[in-house]
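Asker: predicted model and sequence follow; I will ask about them next.
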Amino acid sequence: MKRPLRNPQIVWRHEKRREEEILKAQERGEAVEDRGTVILIISGMMHQLNLVGGHIWSLCDGSRDVDGLIEALAEDFEVEREELVEDVRDFLADLEQRGWLSYV
Amino acid sequence: MSLDLLDAPLRLTWDIHRPGRFLPASDLLLIADRLRAAGVFFVLLDGRPLAHETCAELVVHLAGGCQTSLVVSPEEEYWGRLGSGWPLRELFLDITEFADRPESSIENAVAALRALGYAPSLLLRPSTRNLQRLPALAELCRRLGVARLKLPNAWIAKKEHDPARLDLPGPEDVEALRRLVGEDGMAVRRDLDIEVHDLFIWEILFSGGNQGRSEYGGCQAANSLGHVDSLGNLFPCSSWPLVLGSLLTTALEDLWQSPLRHGVRAAISRLPAACGDCRDLPLCLGGCRGLAETFKMKSEGRDLMCRGRR
């Protein structure tokens, strides 16, 4: 099975303290979809990924296939399996199209 | 997505040497470790870094976690310390003080850096003395085959009350450049990658579009930007002479969570009253707030290059 791997040319950082704040906001019932937890610099431009996107990105280290990635996410996010699978596949396809990841 | 309140800066400028004011090697390496631990992406060793005898070791040390760039001067006293093959992202030749001198000094320096295997970019810190030379210097870049010209923000090493004492450009200088360039900023930029920090210079060179500026989310001092001085003190950026704390005693992430840092971000979020209903406020978002804060008696809180509401 193909394993997604982040483009090694991309510098990125997980914003841990920011993520803690976002998780607290989420617990308070606030919308957090537009708040970034992972910062990427691509061709000099800064991009951000939100809580779920950042989590997927962090897992794309070439060590697990897509099913394994979905398993890992299912442990952390309470969401219908079908919905999770669809979201992950869409997100990975988008990253691949942008050249931000490939499969090994 | 909001870019506010990052855990640590993404880009840092670091002035590692001032005559009589610099740290020993062990302290420099400690700070480098702190920058790496905080996940700083880009470090620019600005000023005269080669003057510090630990510069080579520091560059190698930083390269383990940060992408490091280095600034050198055309008449570099310590040129001999720069070896080939340093792990640099970019090497800048600072021509700020050389803009009105014979071009041969710049040409010779570019040739010397190329002989060492580097592809230098030029760096011009805009000042009242050199701003009008910008078109000629862009032409010089093309003639020398230099691909990139960087115009960074003004560097305020200490508190001053009069921007004129620091040769900081004002609205008159910007207008003079506008008249010089006219409507054809593209001619200045031709075949050249020009990075411009200041909005009011940028809009002359990039008239009629927002290329490379669409992601601008306002002043990034104390958020994605920071500056470290030669004694290890942390600042919001090199244009904002407010000490946030010492990297010799405290981790960068902790200083970035301090009330002082949050105070700077709060000050930035309060847009200057003088900008009021300006048409271009959504584009400039108050411009350079460090200089405006430092010289607020001069600018009423507006960017120092701004001539007034539009």
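Answerer: Sure thing, it's come through.
Asker: which strand or helix spans B:Asp7?
Answerer: Using DSSP states H and E, B:Asp7 sits within no helix or strand.
Asker: oops, could you answer that again for B:Leu260 instead?
Answerer: helix B:259-269.
Asker: which parts of whichever helix or strand comes after that helix are buried?
Answerer: Counting by DSSP H and E, the next helix or strand C-terminal to helix B:259-269 is helix B:281-284. Neighbour counts over helix B:281-284 (16 or more other Cβ atoms under 10 Å in any protein chain shown) mark B:281, B:284 as buried. To be clear about C-beta, it is placed using only N, CA and C from the backbone, and glycine gets the same treatment.
Asker: please save the CA atoms from helix B:281-284 in PDB.
Answerer: Extracted in PDB, the C-alpha atoms of helix B:281-284 (Å, rounded to 0.1, in the frame of the first residue of the first chain):
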ATOM      1  CA  LEU B 281      -5.900  51.000   5.300                       C
ATOM      2  CA  PRO B 282      -7.100  47.500   4.300                       C
ATOM      3  CA  LEU B 283      -3.900  47.200   2.200                       C
ATOM      4  CA  CYS B 284      -1.400  48.700   4.600                       C
END
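Asker: is chain A within reach of the helix holding B:Leu260?
Answerer: No. Helix B:259-269 stays clear of chain A (Cβ under 8 Å from any Cβ of the partner chain), getting no nearer than 12.3 Å.
Asker: so for that helix, mean pLDDT?
Answerer: Taken as a whole, helix B:259-269 has an average pLDDT of 93.
Asker: next, residue 83: secondary structure please.
Answerer: The chain I'm using is chain A. Here A:Glu83 is recorded as helix under DSSP: H, G, I helix; E, B strand; the rest coil.
Asker: and if you look at B:Val43?
Answerer: Applying three-state DSSP: B:Val43 is strand.
Asker: now do the same contact list for it.
Answerer: When contacts are counted by Cβ atoms under 8 Å, 6 or more residues apart in numbering or on different chains, B:Val43 touches B:11-14, B:35, B:62, B:66-69.
Asker: show me those residues that map onto helices.
Answerer: By the criterion of DSSP state H, membership of the contacts of B:Val43 in helices covers B:35, B:62.
Asker: who are the packing partners of the helix or strand containing B:Glu175?
Answerer: Using DSSP H and E, B:Glu175 sits within helix B:171-181. Applying 3 or more Cβ pairs under 8 Å, 6 or more residues apart in numbering or on different chains; DSSP states H and E, we find helix B:171-181 packed against helix B:134-144, helix B:199-205.
Asker: spell out which residues of chain A are next to chain B.
Answerer: A:11, A:13, A:15-18, A:21, A:34-36, A:39, A:41, A:45-46, A:48, A:50.
Asker: one more pass at 6 Å, please.
Answerer: Applying Cβ under 6 Å from any Cβ of the partner chain, one finds that chain A approaches chain B through A:11, A:13, A:15, A:17-18, A:34, A:36, A:41, A:45, A:48.
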